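J.: Next input, structure requested:
(2 chains)
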Amino acid sequence: AQKITQTQPGMFVQEKEAVTLDCTYDTSDPSYGLFWYKQPSSGEMIFLIYQGSYDQQNATEGRYSLNFQKARKSANLVISASQLGDSAMYFCAMREGDGNKLVFGAGTILRVKS
Amino acid sequence: DTAVSQTPKYLVTQMGNDKSIKCEQNLGHDTMYWYKQDSKKFLKIMFSYNNKELIINETVPNRFSPKSPDKAHLNLHINSLELGDSAVYFCASSQDRGQGSTEAFFGQGTRLTVV
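T.: Purely as a prediction, here's the structure:
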């Protein structure tokens, strides 16, 4: 069974607008972490933001925020004021408890239009 | 000042050859990983090492052999390369803080093309 599901293969957003990238996850472990990574066309994997399962508040990092809805098992990434440089592949990932691996979703390609 | 560096960045080789990819991290992390990203961009873990000990081996063919001489290095050796091995291989490292809170830092990737 898929642990991480990203249902949007591709998204378009107008420059300066906000965009939400969806991520749902599946785990029975009460302790887990959720992560978002950005992969631009140059290929590197850039860590963006982290949300812990016990965190009471949604994580924010600059223009990135994570809309964490625990009961729905969703961890959507919100990018505010989109910039052309935000065009990239975005991956949602999860680490369970003391697990030694990140499990990734299939990714969402985001294209920012000028 | 690269945190996780892997070499080479590009590797083109013929079927049947043996090749190695090297990875080093200067973050002082105790866990290192190899991930494979296929042509559809799907990322899947291959191996995880913690303090030089193999922790995870995700049903990777025996032709793939990781080696960790110390906790700052994790190399990947591949024997008898096949066309299906063509992919981007990422090295990563993390420092375990428990409760799933550990982000992984990735190297820039090695694009392996088997012809």
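J.: To which secondary structure element is residue 68 assigned?
T.: Looking at chain A here, since you left the chain open. A:F68 belongs to strand A:64-69 when assigned by DSSP states H and E.
J.: that's the wrong chain, I wanted chain B
T.: Counting by DSSP H and E, B:S68 is part of strand B:64-70.
J.: That strand packs against which elements?
T.: strand B:43-50, strand B:53-57, strand B:73-78 (3 or more Cβ pairs under 8 Å, 6 or more residues apart in numbering or on different chains; DSSP states H and E). Every residue, glycine included, has its C-beta placed from N, CA and C.
J.: weakest of these in terms of mean pLDDT?
T.: Lowest mean pLDDT of these: strand B:53-57, a mean of 85.
J.: got the angle for it vs strand B:43-50?
T.: On the basis of axes from the mean of the first three to the mean of the last three Cα atoms, to 10 degrees, strand B:53-57 is oriented at 160 degrees to strand B:43-50.
J.: Please list the residues outside the helix or strand bottoming out on mean pLDDT in chain B that contact it.
T.: The weakest-scoring helix or strand in chain B, judged by mean pLDDT, DSSP states H and E, is strand B:53-57 (a mean of 85). Strand B:53-57 is contacted from outside by A:100-101, B:31, B:33, B:45-49, B:66, B:68, using Cβ atoms under 8 Å, 6 or more residues apart in numbering or on different chains.
J.: Which one of those is nearest to B:V60?
T.: Proximity of the contacts of strand B:53-57 to B:V60 (Cβ to Cβ) peaks at B:M46, which lies at 4.9 Å.
J.: Tell me how far that closest one lies from B:Y35.
T.: 6 Å (Cβ to Cβ, to the nearest Å).
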